[in-house]
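Q: Here is the input, now give the coordinates:
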Amino acid sequence: MDLKKFIKDQGLSDFPIGLGGCRILEYNFDSCDYDLVVFDEAISDKQIVSFENNLITIHHASLSEINTKKLLQYDKLNILQDDSWNLKILLAKISKKRDSLFSDYAKNSLIES
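A: You can find the predicted model right below:
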């Protein structure tokens, strides 16, 4: 599938974008949708769009995110576009602090339960 064309058609060319979910794993299934994380600073619900007989879920995100759970979800994103290098920097920071993020997330989960 031509994700670059999808990004252009949706008017998302100005934002850093990563591909996540089961499509970035070594083993994926045809039933996996494409999870695009668009760092457009928008606070809106995810959108599910059909494109070239595939489902694409668009998640809106912020490069200044501090929520541990969300940061862990961004870990290992495949960068599709990042002209400013801001997404690459964020992912490097997440990778460097992965262990402490998991620890923080576990503590928060215990407190919430």
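Q: Which residues does the helix or strand bottoming out on mean pLDDT in the chain contact?
A: Least confident helix or strand of the chain, by mean pLDDT, DSSP states H and E, is helix 98-112 with a mean of 84. For helix 98-112, contacts defined as C-beta atoms under 8 Å, 6 or more residues apart in numbering pick out Thr68, Lys69, Leu71, Leu72, Asp75, Ile94. In this view, the C-beta of every residue, glycine as well, is placed from N, C-alpha and C.
Q: Mind exporting the C-alpha coordinates of the lengthiest strand in the chain to PDB?
A: The longest strand of the chain (DSSP state E) is strand 54-60. The C-alpha coordinates for strand 54-60 follow below in PDB (Å, rounded to 0.1, in the frame of the first residue of the first chain):
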ATOM      1  CA  ASN A  54      -7.100  -1.500   3.700                       C
ATOM      2  CA  LEU A  55      -8.200   0.000   7.000                       C
ATOM      3  CA  ILE A  56      -6.000   2.800   8.400                       C
ATOM      4  CA  THR A  57      -6.400   4.100  11.900                       C
ATOM      5  CA  ILE A  58      -5.200   7.600  12.400                       C
ATOM      6  CA  HIS A  59      -4.200   8.400  16.000                       C
ATOM      7  CA  HIS A  60      -3.500  12.100  16.800                       C
END
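Q: can you pull the buried residues of that strand?
A: Ile56, Ile58, His59, His60 (16 or more other C-beta atoms under 10 Å).
Q: so can I have JSON lines of those residues showing distance to Lys88 and pLDDT?
A: Output for the buried residues of strand 54-60, formatted as JSON lines (distance: C-beta to C-beta, whole Å; pLDDT from 0 to 100):
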{"residue": "Ile56", "distance to Lys88": "22", "pLDDT": "95"}
{"residue": "Ile58", "distance to Lys88": "20", "pLDDT": "97"}
{"residue": "His59", "distance to Lys88": "18", "pLDDT": "97"}
{"residue": "His60", "distance to Lys88": "19", "pLDDT": "97"}
